[in-house]
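[1] Provided below for reference: sequence and predicted model.
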Amino acid sequence: MLRIGIACYPSIGGSGIVATQLGHELCLRGHQVHYFSYDVPVRMLQCECSCEFHHVDVPAYPLMRFPPYAMALASKLYEIACEPGLDVIHVHYAIPHSMSALLAKQMIQRTTGRTIPFVTTLHGTDTYLVGQEPSYRAVVQHCLQESDAVTAVSEHLRQETIRIFELSKPVEVIHNFVECKPLPEHRLKDIGRAETGRTLIHVSNFRSLKRVEDALQVFELVSRACPCCRMVMVGDGPETAAAHKLAEQLGISDQVTFVGRATDVVHYMNSADLLLSTSEIESFGLAIAEAMACAMPVVCTRVGGVPEVVEHGKTGFLCDTGDVCGMACAVLQILTNPSRARSMGIAGRERVEKYFSPDVIVPKYETLYQNLLSSFPSSAEPF
Ligand code: GMT
């Protein structure tokens, strides 16, 4: 049994969701989990395990235009690592969490002589986008190099991380996982039925890289051939207002429902028939795997780690980024062929169960922690 500190973003977003689900699973497996963030992680509120949450206080002072969150997180990690004690620190999303973990590790070493190893899990934009900002790059590179282990949520992200940060250390791929919840009765009956196969769903944080406008344009083309179909847009972000405007311009506002931020995405997925993901980059695509777990076929862009998740032609279709016509054709191929839709949905769920389930993925993290602890014998305290 290990005492594991997890630092993550608390908001609805892939990295925070994965971190919280991991904490939950580790707790169910008998480990003691401590979360660190500036707010209670959204998914933590929905689970009933005995994980502890440590609020990171960031005091403001008039001199500081930008209160130093990374420093406050390092202090909190240090405090809890000393008492009640941690065996390993696992940070999700490198910026700024791995910097705080490195600082905490050094402070613990200096004051107690113990070494508490830390793992950095990269989620995507910390490598592809934000990590490459000249203001952050050198620090991210240093913190990855100094992490006791670095993991990436896909092979694509692993390769890009090594290339971009010129890392001389290994990066291990540990894919994301999603739970395959029992399908509701209506869904079991309805998968792929022609008369119900008409609701598309798009789930994202409406940032520009999600190309939400492409999703609406695809839907507009699909609705010409299939006038009764509907589109549910789940999420919120900087492009939300533009998306509403575009829906009006395209004359599809009556068929498109914007539901905003949702904590229970599965609820919407279980009432939809096809997921459309139009991103220009996606390290993994958690929403895609969540849709597959709901036995839903997917039409996605062939980017980043998405081809590791979606098997083209079997669990959905992969198209080129921006190929609105190609994506509309792929959607129509599925909507107009109920038996294909059904077999794709079922194949997707099977794929998630086989490769991206908690039982397959969580032991990989446990093994990683154990291996680190055995290479730092001084770190293990009796627990
Ligand atoms: O999609 C985002 O921009 C949010 C980001 C996050 O960290 O919250 O998502 C990234 O991490 C997810 C969980 O590992 C992945 O499923 C997403 O594909 C990844 N997003 C990108 O790579 C753009």
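    Thanks, I have it.

[2] quick check, the residue in the stretch 51-200 of the chain closest to the ligand?
    Here the stretch 51-200 of the chain gets closest to the ligand at one residue, residue 124, 2.3 Å apart by CB to the nearest ligand atom. No exception for glycine: its C-beta is placed from N, CA and C like everyone else's.

[3] quick one, what contacts that residue?
    Residues in contact with residue 124, defined by CB atoms under 8 Å, 6 or more residues apart in numbering, are 14, 15, 153, 157, 281, 282, 283, 284, 304.

[4] then residue 177?
    Contacts of residue 177 (CB under 8 Å, 6+ apart): 18, 21, 22, 25, 289, 356, 357, 358, 360, 361, 362.

[5] how many residues are close by the residue lying closest to it once chain neighbours are set aside?
    Among residues not flanking residue 177 along the chain, residue 361 sits closest, at 3.8 Å (CB to CB, 6 or more residues apart in numbering). Neighbour count for residue 361, taken as other CB atoms under 10 Å: 20.

[6] ok, now residue 186?
    Under the neighbour criterion other CB under 10 Å, residue 186 is assigned a count of 11.

[7] what pLDDT does the model give it?
    Note for residue 186: predicted pLDDT of 72.

[8] if I've got this straight, it is in a helix?
    Yes - the assignment for residue 186 is a helix, going by DSSP: H, G, I helix; E, B strand; the rest coil.

[9] ends of stretch 296-310, how far apart?
    12 Å (CA to CA, to the nearest Å).

[10] and stretch 304-316, by the same measure?
    For stretch 304-316, the separation between the terminal residues is 16 Å (CA to CA).

[11] report the distance from that stretch to the chain centre.
    16 Å (CA atoms, centre = their mean, to the nearest Å).

[12] helix/strand/coil for residue 121?
    strand.

[13] which ChimeraX command selects the buried ones in the contacts of residue 177?
    Here is the ChimeraX command that selects the buried residues among the contacts of residue 177 (16 or more other CB atoms under 10 Å):
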select :18,21,22,25,289,356,357,358,361,362
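
[14] in helices, which of the contacts of residue 177 appear?
    Taking DSSP state H, the ones among the contacts of residue 177 that sit in helices are 18, 21, 22, 25, 289, 358, 360, 361, 362.

[15] of those residues, which is the nearest to the ligand?
    residue 18 (4.9 Å).

[16] quick check: residue 302 touching residue 322?
    No - contact criterion CB atoms under 8 Å: residue 302 and residue 322 do not qualify, at 11.4 Å.

[17] nice, that's everything, thank you.
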